[in-house]
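Asker: attaching a predicted model along with its sequence, questions to come.
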Amino acid sequence: MNNKSKIINPHDKLFKEIFSREKDAREFLSTYLPDNLKRIIDLSMLSIFKDSFIEKELQEYFSDILYQVKIKDQPAWIYLLFEHKSYPDTLIAYKLLRYMVKIWELLLKGQEIHKRLPVIIPLVIYHGRSRWEIGRRFSDLFSLPEPSLASHIPDFSYLLYDLSTLSDEQIKGGVTLKVFLLLLKYIFHDDLKEHLSDILGLMKDMAAKTTGMEYLETFLRYIVNATDTINEKDLKDIITNILPKGGEAIMPTIADKWIQQGVEKGRQEGILQGLLEAIELGLKLKFGTKGLELYPTISKIKDMDMLRSIKDAIEIAQEIEEIKRFLRP
């Protein structure tokens, strides 16, 4: 889709959908926290703090979620930062420090702490194209002319989960967590198509269940919005393989649902823009690249009734010629 980051940030949306579920967050942390932290953190008491601490100008590149946990009966926090740029941010430790200070300030205002500040454990998830080769300590940002100055610099280290360095076998967890992390790992790769069948195939045993279908829809929506290397036929073939008895039916059903969601969004943010977004997504889902070739012409149409007719036609059309008829003089 054009201007994806303005319409929707697919990486942010997937991150928030998965890690806003306490079960998935607990599974990720119990799998990937270092052993010394897993021994002392009571993840059974994990709860999610909804506020984001990312500046608006950086929301396109970062997502964050804050979790409250217990460490030996004392409140503590895990700050999960997701970086979805294609290259690592050299100032990430500085940004983390700013976000951590914002969290402490908020807790102080809420009178949740009194004499001492609670521990905040920062954890960065990164899935860019290049490896993360930046120091993980705040002090790594300084070039000290004299070692004795180190005592005057605040310091901390952050945990890093760099997907670009891991083999598929090193990505652990349950089915949905593994599918989520593998999609993040390969979403920028040119060979995503070659891996996608194996990745989504992990869901074969659970996809027919209601919860599995919800996760599958979340992952499919992410793929459609996050990459142009996969078309609707590719997804249909993969889904048919996962659900041999229902695969052919699920894609049109999901496509119709996404189109309808676009219309609902349009009612809130502007019916015209909502219809155009729904049409653009529908064209991509139904007809791939050839469908999107029609969008520049359709985007110039201001007649709401005509746009609604095109949107309705996309839902039931079998051939792209059925849509082209609307555009002929």
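Answerer: Thanks, I have it.

Asker: and the strands in the stretch 51-200 of the chain?
Answerer: Assigned by DSSP state E, counting those that start in this stretch, the stretch 51-200 of the chain shows strands spanning 62-71, 74-83, 120-126, 159-162.

Asker: so which of those strands is the most surrounded?
Answerer: Most buried of those, by mean neighbour count (mean count of other CB atoms under 10 Å): strand 120-126, with a mean of 22. C-beta here means a position set from N, CA and C on the backbone, and glycine is covered the same way.

Asker: between the strands of the stretch 51-200 of the chain, which one is nearest to A313?
Answerer: Closest of these to A313 is strand 62-71, at 36.1 Å (criterion: CB to CB).

Asker: the closest one packs against which elements?
Answerer: On a contact count with 3 or more CB pairs under 8 Å, 6 or more residues apart in numbering; DSSP states H and E, strand 62-71 meets helix 10-19, helix 22-32, strand 41-49, strand 74-83, helix 92-109.

Asker: so where's the stretch 1-150 of the chain shaky on pLDDT?
Answerer: Across the stretch 1-150 of the chain, the ranges flagged by pLDDT under 70 are 1-8, 111-115.

Asker: which stretch among the strands of the stretch 51-200 of the chain comes nearest A317?
Answerer: The closest of those to A317 is strand 62-71. By CB to CB, the value is 35.7 Å.

Asker: report the rounded mean pLDDT for stretch 311-322.
Answerer: The predicted model assigns stretch 311-322 a mean pLDDT of 83.

Asker: L216 reaches G201, doesn't it?
Answerer: No - using CB atoms under 8 Å, L216 is not in contact with G201, being 11.4 Å away.

Asker: nearest to D312, out of the strands of the stretch 51-200 of the chain?
Answerer: strand 62-71 (34.8 Å).

Asker: quick one, the closest one and helix 92-109 angle?
Answerer: Orientation check (axes from the mean of the first three to the mean of the last three CA atoms, to 10 degrees): strand 62-71 against helix 92-109 gives 60 degrees.

Asker: contacts for strand 62-71?
Answerer: Strand 62-71 has contacts (CB atoms under 8 Å, 6 or more residues apart in numbering) with 9, 11-12, 15-16, 19-20, 25, 29, 40-43, 45-49, 51-54, 75-84, 95, 99, 103, 119.

Asker: circling back to that earlier point, with distance to Y295 added, can I get the strands of the stretch 51-200 of the chain in CSV?
Answerer: Shown next, in CSV, are the strands of the stretch 51-200 of the chain (distance: least, CB to CB, whole Å):
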stretch, distance to Y295
strand 62-71, 28
strand 74-83, 30
strand 120-126, 33
strand 159-162, 36
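
Asker: go through those strands and name the closest to I134.
Answerer: Per CB to CB, nearest to I134 of these: strand 159-162, 8.9 Å.

Asker: check the offset of the closest one from the chain's centre.
Answerer: When distances are taken as CA atoms, centre = their mean, to the nearest Å, strand 159-162 is centred 16 Å away from the chain's centroid.

Asker: tell me the helices and strands packed up against that strand.
Answerer: strand 120-126.

Asker: partners of the strand it packs on in the sheet?
Answerer: Under the criterion DSSP bridges, strand 120-126 sits next to strand 74-83 (parallel), strand 159-162 (parallel) in its sheet.

Asker: Throw those into a markdown table and include distance to M306, thanks.
Answerer: A markdown table is the format used below for these (distance: least, CB to CB, whole Å):
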| stretch | distance to M306 |
| --- | --- |
| strand 74-83 | 40 |
| strand 159-162 | 48 |
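
Asker: which one of those lies closest to G128?
Answerer: Evaluated with CB to CB, the strands paired with strand 120-126 place strand 74-83 nearest to G128, the distance being 7.1 Å.

Asker: and the angle from the closest one to strand 41-49?
Answerer: On the basis of the same axes, to 10 degrees, strand 74-83 is oriented at 70 degrees to strand 41-49.

Asker: list of residues touching strand 74-83?
Answerer: Applying CB under 8 Å, 6+ apart, the set of residues contacting strand 74-83 from outside is 11-12, 15, 19, 25, 29, 41, 49, 53, 61-70, 89, 92, 96, 99-100, 103, 112-113, 118-128.

Asker: just the CA trace of that strand, in PDB.
Answerer: C-alpha atoms of strand 74-83 as PDB (Å, rounded to 0.1, in the frame of the first residue of the first chain):
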ATOM      1  CA  GLN A  74       9.100  -5.800  45.300                       C
ATOM      2  CA  PRO A  75       7.500  -4.100  42.300                       C
ATOM      3  CA  ALA A  76       9.800  -3.900  39.200                       C
ATOM      4  CA  TRP A  77       9.200  -3.200  35.500                       C
ATOM      5  CA  ILE A  78      10.300  -4.700  32.200                       C
ATOM      6  CA  TYR A  79      10.400  -2.100  29.400                       C
ATOM      7  CA  LEU A  80      10.100  -3.800  26.000                       C
ATOM      8  CA  LEU A  81      11.300  -1.700  23.000                       C
ATOM      9  CA  PHE A  82      10.800  -2.900  19.500                       C
ATOM     10  CA  GLU A  83      13.000  -1.300  16.800                       C
END
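
Asker: from the middle of its chain, how far away would it be?
Answerer: Distance of strand 74-83 from its chain centroid, counting by CA atoms, centre = their mean, is 18 Å.
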